[in-house]
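Chemist: Sequence plus the predicted model coming up.
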Amino acid sequence: MNLMVKNNNNDDNIIDVIIITIIFVVITGRWLLARFEVGTYVSSFLIFLSIGLLFKNKIKITKEFAFYLALLVILLLINVINVTLNYSYPIHAIKASFRYLAYFVLFIACYNANIRGDLFYRLFTILLYIQIPFVLYEAYVIGESRPHGLLGNGNHLSYLIVVYCIISLVYYKNYFNTALFVLLLLFLKGIGSNITLAMVFGYYVLMINKGNKRIVAIIIYLALMMVGLYVLGERLNQWPTYYELYDRYYGDQYGGSDSLTWRLIVWKISLQHFFQTNGVLFGLGIDFTSAMSPYSTSVIHNDPHNEYVRFLIEHGVLGFLYFILLIKYFKKGIQKIEEDKLRYTIGLIIVAILISAIFGNVLVQANMIYMVICWFSCKYREYKNNM
């Protein structure tokens, strides 16, 4: 996955220091200021500033990477035009487009700046430890049933923990941090995130080759599963029976407290509305399914919490095909990585994201995606330099 080509004639370490500082400010600021909803503006400005500094030093990108970046730009331009013509909200569409462009730009910046991936792991560890007292305060002092720390939503924190635990366990073998944040994940009681981590860790345990280690790992895994079922028992008991689900699904009865039923109903209604419009090819507009969007409709009054449904509705068949091609591109590149530990770690992260995409809006959770991009791009550069 030869994504980037670094210009080795650049000996200006000041540029690297500026880039490192900007990226660390972006990551830390987004985590600590998430509740103030300024992340999109601040992050977009700082990241594009950093890439501007990099291009000033003639950083090059490969044709394949440039191809997918160009396709994304075209897709987003179509979306902005679509939103402008149909809803007259170009500013919101442009702001939302920055979210996706920033992912590519951040990868370029991290890959070409002289940053070690281990520094990002330590930064994310510190930021997650900072969340713990806030989560406990919300749970035991305020009495919130779904605490979320400094982030705006408990699911956002939960999926961050999923990715962190994969990196911590598979790559760094840091059992203490992994165990601590698995317990924090259970405490947050997110069904989708816990199912995702259980599936990924279950596969990881089965792939352990050494007999004694595998037995110990299976015992620990089963023990955690029992603890998880106990902790999440109340939420799981809220799920309807098959007949209740059938009646409510076909009767479009949102009601109740279980998240499964309203998700299924929202997916159905959203897709029905989508296929009845003339936006099947190009989509109904970026962020159309978001409850925060100024041009969302009463038909889709609740965010679908499914990236596949959301991407199809917002970007149309063409955008959905781009999404599939991008997944295949990453898969092809990951398979070429010869370092087993790195290939295995990023592979499990991608699998976790694709599973999580069924339950939640993971691709728009910038904090989690930034974590993956920053850590992997730096580790991938280190791997390429050692070849």
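Modeler: Everything's here; your move.

Chemist: residue boundaries of the strands in the protein?
Modeler: Remark: strands assigned in the chain by DSSP state E are 4-5, 60-61.

Chemist: between those strands, which gets the lowest average pLDDT?
Modeler: Taking each of the strands of the chain in turn, the lowest mean pLDDT turns up on strand 4-5, with a mean of 45.

Chemist: quick one: Arg146 and Leu188 touch, right?
Modeler: Yes: using Cβ atoms under 8 Å, Arg146 is in contact with Leu188, at 7.0 Å. The way it works is simple: take the backbone N, C-alpha and C, and place the C-beta from them, glycine included.

Chemist: Please identify which of these two sits among more neighbours.
Modeler: Leu188 (22 against 15; other Cβ atoms under 10 Å).

Chemist: So that one versus Thr178, what's the distance?
Modeler: To Thr178, Leu188 is 16 Å away according to Cβ to Cβ, to the nearest Å.

Chemist: Over to Val362?
Modeler: Going from Val362 to Thr178 by Cβ to Cβ gives 20 Å.

Chemist: Next: Ser259.
Modeler: As for Ser259, its distance to Thr178 is 26 Å (criterion: Cβ to Cβ).

Chemist: Can I get stretch 306-319 in PDB? Just the C-alpha atoms.
Modeler: Output in PDB follows, covering the C-alpha atoms of stretch 306-319 (Å, rounded to 0.1, in the frame of the first residue of the first chain):
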ATOM      1  CA  ASN A 306     -26.100   2.700  10.100                       C
ATOM      2  CA  GLU A 307     -23.300   3.900   7.900                       C
ATOM      3  CA  TYR A 308     -24.300   1.800   4.900                       C
ATOM      4  CA  VAL A 309     -27.900   3.100   5.000                       C
ATOM      5  CA  ARG A 310     -26.700   6.700   5.600                       C
ATOM      6  CA  PHE A 311     -24.000   6.600   2.900                       C
ATOM      7  CA  LEU A 312     -26.500   5.300   0.300                       C
ATOM      8  CA  ILE A 313     -29.100   7.900   1.100                       C
ATOM      9  CA  GLU A 314     -26.800  10.900   1.400                       C
ATOM     10  CA  HIS A 315     -24.400  10.000  -1.500                       C
ATOM     11  CA  GLY A 316     -26.500   7.800  -3.800                       C
ATOM     12  CA  VAL A 317     -25.500   4.700  -5.700                       C
ATOM     13  CA  LEU A 318     -22.400   6.400  -7.000                       C
ATOM     14  CA  GLY A 319     -21.300   7.400  -3.500                       C
END
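
Chemist: Need the contact partners of it.
Modeler: Residues from elsewhere that reach stretch 306-319 (Cβ atoms under 8 Å, 6 or more residues apart in numbering): 75, 78-79, 263, 267, 270-271, 274, 279-289, 300, 303-304, 320, 322-323, 357-363.

Chemist: Kindly report the same for stretch 66-73.
Modeler: 61, 100-101, 104, 322, 325-326, 329.

Chemist: Of the contacts of stretch 306-319, keep whichever come out buried.
Modeler: By neighbour count, with 16 or more other Cβ atoms under 10 Å, those hold 75, 78-79, 263, 267, 270-271, 274, 279, 282-289, 300, 303-304, 320, 322-323, 357-363 as buried.

Chemist: Restricted to helices, list the residues you listed.
Modeler: 75, 78-79, 263, 267, 270-271, 274, 320, 322-323, 357-359 (DSSP state H).

Chemist: now for stretch 108-125, what's the gap between its first and last residues?
Modeler: End-to-end span of stretch 108-125 (Cα to Cα, to the nearest Å): 23 Å.

Chemist: buried residues in that stretch?
Modeler: In stretch 108-125, counting by 16+ other Cβ under 10 Å, buried: 108-113, 115, 117, 120-121, 123-125.
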